[in-house]
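Novice: fold the following for me, if possible:
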Amino acid sequence: DGTFSLSPAINDADIDMDLGWDIEKGDQSIIVAVLDSGIKLDHPEFNGRIWTNSNETLNGIDDDNNGYIDDINGWDFANNDKSPADDHGHGTNVAGIALASGNNTIGYAGVNWNAKVMICKALNENNSGSYAAMAEAIYYAVDNGAKVINMSIGGSGNSTTLSDAIDYCYDNGVVLVACMMNFNNSVTYYPAGYNKTIAVGSTNPDDTRSNPFFWSTTSGSNFGSHIDLVAPGNYMYGLSDTSDTYYGSYWGGTSQASPLVAGVVSLLLSQNPALTFEEIRTILRESSEDQIGDPSEDINGFD
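Specialist: Numbering: from 1, shown residues only. Prediction:
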């Protein structure tokens, strides 16, 4: 409603999620893969929601012959092991924004209350990871039934390895949503820079481009011709990777805007699983508000 103590804010600088929930809260048959630093596996907000590999048994053997031993709860591609638990915090926050359970009397509600969360840990305890790990995680997510992938990750270098994985994702009808990054410039970061992704920037509580984020005066939501849309991303309260009951921390970044969009994509697919990537991108772009914020950098229509 525009009352917010931490920064300037205006009424309705949001994604109208309450109106969205009147239409769709998600389908448990949809799998959303979160390629990040993992998640807190036992957090009650994900109770009954974490995707499990039904073809694998905890026995030290690769039962399903997919190259990963005991990958029951997904995989840690950063450290090449079976435990995708969050050892940084970024992934738990991101996953909660998209997928925390709703109407359960605790914490926050994510965008999608019912979809399964596939954990693909591609970032280490320092919140960094290689393109090779990211690409491997994408192949894994696609091959195991994910319909949406969120990547709140980015690197400045183009990569054939990553580009090929994005093509594989697209060719198999999986929608990949990626953040624009937080360097307050028009430098293209990947995977957001690839045409076969949905690239997301961040807005402040007053509907202006996030510039800066609360944590650095030199930060800001990246921009450029490859952007698809923006979503709120600064002062995003979320789940903790170290506590089941603490809800007082907030993050800021295009990393937090991206899962809002990925969550909405998963709701669209819950309504109509036949929607293609291009159809979904068109829906997102054409149904978005024209974000008129800072007059010095914003004009009517798509910028």
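Novice: how far away is the residue sitting nearest the centre point of the chain from residue 177?
Specialist: Nearest to the geometric centre of the chain sits residue 259, at 3.1 Å (CA atoms, centre = their mean). Noted for residue 259: a distance of 8 Å to residue 177, by CB to CB, to the nearest Å. In this view, the C-beta of every residue, glycine as well, is placed from N, C-alpha and C.
Novice: which neighbours do those two share?
Specialist: When contacts are counted by CB atoms under 8 Å, 6 or more residues apart in numbering, residue 259 and residue 177 are jointly contacted by residue 150.
Novice: what is the longest helix of this protein by residue count?
Specialist: helix 254-271 (DSSP state H).
Novice: any idea of the mean pLDDT in the very next helix or strand once past that helix?
Specialist: Next helix or strand after helix 254-271 toward the C-terminus (DSSP states H and E): helix 277-287. Here helix 277-287 scores 96 as its mean pLDDT.
Novice: list the contacts of the residue nearest to the centre of the chain.
Specialist: 34, 94-95, 97-99, 110-111, 150, 152, 177.
Novice: kindly report the same for residue 238.
Specialist: Taking CB under 8 Å, 6+ apart as the test, what residue 238 contacts is 92-94, 96-97, 108, 247, 249-251, 256.
Novice: rerun that using 6 Å as the cut-off
Specialist: 93, 96-97 (CB atoms under 6 Å, 6 or more residues apart in numbering).
Novice: mind checking how far the residue nearest to it when sequence neighbours are not counted is from residue 153?
Specialist: Spatially, and ignoring its direct neighbours in sequence, residue 238 is nearest to residue 93 (3.9 Å; CB to CB, 6 or more residues apart in numbering). Residue 93 sits 14 Å away from residue 153, going by CB to CB.
Novice: do the same with residue 90
Specialist: Residue 90 is 9 Å from residue 153, by CB to CB.
Novice: where does the prediction get shaky in the stretch 151-300 of the chain?
Specialist: Within the stretch 151-300 of the chain, the ranges that satisfy pLDDT under 70 run 292-293.
Novice: same thing but at 50, please
Specialist: Scanning the stretch 151-300 of the chain for pLDDT under 50 picks out no residues.
Novice: how about the strands in it?
Specialist: If DSSP state E, counting those that start in this stretch is used as the criterion, the strands of the stretch 151-300 of the chain fall at 175-179, 198-203, 229-232, 236-237, 250-251.
Novice: ok, residue 252 to residue 214 distance?
Specialist: 5 Å.
Novice: neighbour count winner among the two?
Specialist: residue 252 (24 against 16; other CB atoms under 10 Å).
Novice: that older thread, just the buried subset of the contacts of residue 238, written out for ChimeraX, thanks.
Specialist: Entered in ChimeraX, the line below selects the buried ones among the contacts of residue 238, by 16 or more other CB atoms under 10 Å:
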select :93,96,97
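Novice: which ones among the contacts of residue 238 map onto strands?
Specialist: Counting by DSSP state E, the contacts of residue 238 place none of their members in strands.
Novice: nearest to residue 10 among the contacts of residue 238?
Specialist: residue 97 (21.0 Å; CB to CB).
Novice: for the closest one, which non-adjacent residue is spatially closest?
Specialist: residue 259 (4.2 Å).
Novice: same question for residue 68.
Specialist: With sequence-adjacent residues excluded and distances taken as CB to CB, 6+ apart, residue 68 is closest to residue 75, at 5.2 Å.
Novice: what's the neighbour count on the nearest residue to residue 229 once chain neighbours are set aside?
Specialist: Leaving aside its chain neighbours, residue 229 sits nearest to residue 288 (4.9 Å; criterion: CB to CB, 6+ apart). Around residue 288 there are 15 other residues, counting by other CB under 10 Å.
Novice: could you do residue 80 as well?
Specialist: Residues near residue 80, counting by other CB under 10 Å, number 10.
Novice: residues making contact with stretch 1-18?
Specialist: 205-207, 231, 235, 260.
Novice: now do it, average pLDDT.
Specialist: 94.
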